[in-house]
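[1] Have a look at this fold, sequence not included:
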C-alpha cells in the first residue's frame, strides 16, 4: 500500500514536469519543438512502464479537461483532434515502452535503446496523425513532424540518460 502511494506521488510529479516542459516551446510549424518528451522518457525510465504510462495518462487527462498543460499552455479535448494529437497519444505509449525496456536491466545502453524506441513510438503516432489531419503526403509529414526534431530529441535522450542516473540514486523503486 505504501509503495503504491509513493508511486502515485512520483507519477503526479512526472505529470507536472511534463506539463512544465510544455511551456518550453519553440513554434516552428504545426508541430512545435517542446521539452515534454524529455519528461515522458524520464517518466518511463524512473517509474517503469505501468507507472510511467500512468503519469502521462494523468498529464493527458489534465489537458483534456481544460488545464493548460499542452504545448504553449493550451488545453482541451480538441487538441487530440489537431495536428499534435498523435504526438500526445504517442507520449503515453513512449512512457510505457521506455519503462518496459529499461526495466529489463538498469544500464545506460538499455536506457538509451529504450528511449530511442520510445521516441520512435511518439513519431509513429504523431506523424501518422499529422498526415491524416492535415491531409498531406507522408514525405511532407516527415518534413514537418519528424526531421526538424531528430537532433533535439537526440540531445534530450543524452540528457535523460545522464539525469536518470541521479534520479535512481535518490528514488529507490
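    Nice, thanks for sending it over. No experiment lies behind these values; they were computed from the predicted model shown.
[2] Pull out the buried positions in the longest helix along the chain.
    Determined from DSSP state H, the single longest helix within the chain is helix 36-64. For helix 36-64, the neighbour count (16 or more other Cβ atoms under 10 Å) marks 36-49, 51-60, 62-64 as buried. Glycine gets a C-beta too; all of them are placed from N, C-alpha and C.
[3] What pairs with the lowest-mean-pLDDT helix or strand in the chain, parallel or antiparallel?
    Within the chain, no helix or strand scores below strand 25-26, which has a mean of 84 by mean pLDDT, DSSP states H and E. Using DSSP bridges, strand 25-26 pairs in its sheet with strand 33-34 (antiparallel).
[4] mind listing the helices for the chain?
    Using DSSP H, the helices of the chain run over residues 2-21, 36-64, 85-102, 108-134, 138-145, 150-170.
[5] Now render those helices as TSV, adding mean pLDDT.
    Output for the helices of the chain, formatted as TSV (pLDDT from 0 to 100):
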stretch	mean pLDDT
helix 2-21	93
helix 36-64	97
helix 85-102	97
helix 108-134	97
helix 138-145	96
helix 150-170	95
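[6] need those helices in JSON lines with distance to residue 72, can you?
    Formatted as JSON lines, the helices of the chain follow (distance: least, Cβ to Cβ, whole Å):
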{"stretch": "helix 2-21", "distance to residue 72": "12"}
{"stretch": "helix 36-64", "distance to residue 72": "11"}
{"stretch": "helix 85-102", "distance to residue 72": "13"}
{"stretch": "helix 108-134", "distance to residue 72": "16"}
{"stretch": "helix 138-145", "distance to residue 72": "17"}
{"stretch": "helix 150-170", "distance to residue 72": "16"}
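[7] do you know which of those helices lies nearest residue 29?
    In this view, the helices of the chain are compared for proximity to residue 29 by Cβ to Cβ, and helix 138-145 is the closest at 5.3 Å.
[8] burial of residue 108, as a residue count?
    Neighbourhood size, residue 108 [other Cβ atoms under 10 Å]: 11.
[9] Could you number the chain from 59 rather than 1 from now on?
    Sure thing, new numbering starts at 59, so read that last one as residue 166.
[10] Next one: it from residue 204, what distance?
    25 Å (Cβ to Cβ, to the nearest Å).
[11] do the same with residue 173
    16 Å.
[12] Please apply the same query to residue 226.
    30 Å.
[13] Equivalent analysis for residue 98, please.
    Where residue 204 is concerned, residue 98 sits at a distance of 16 Å (Cβ to Cβ).
[14] ok, now residue 151?
    16 Å.
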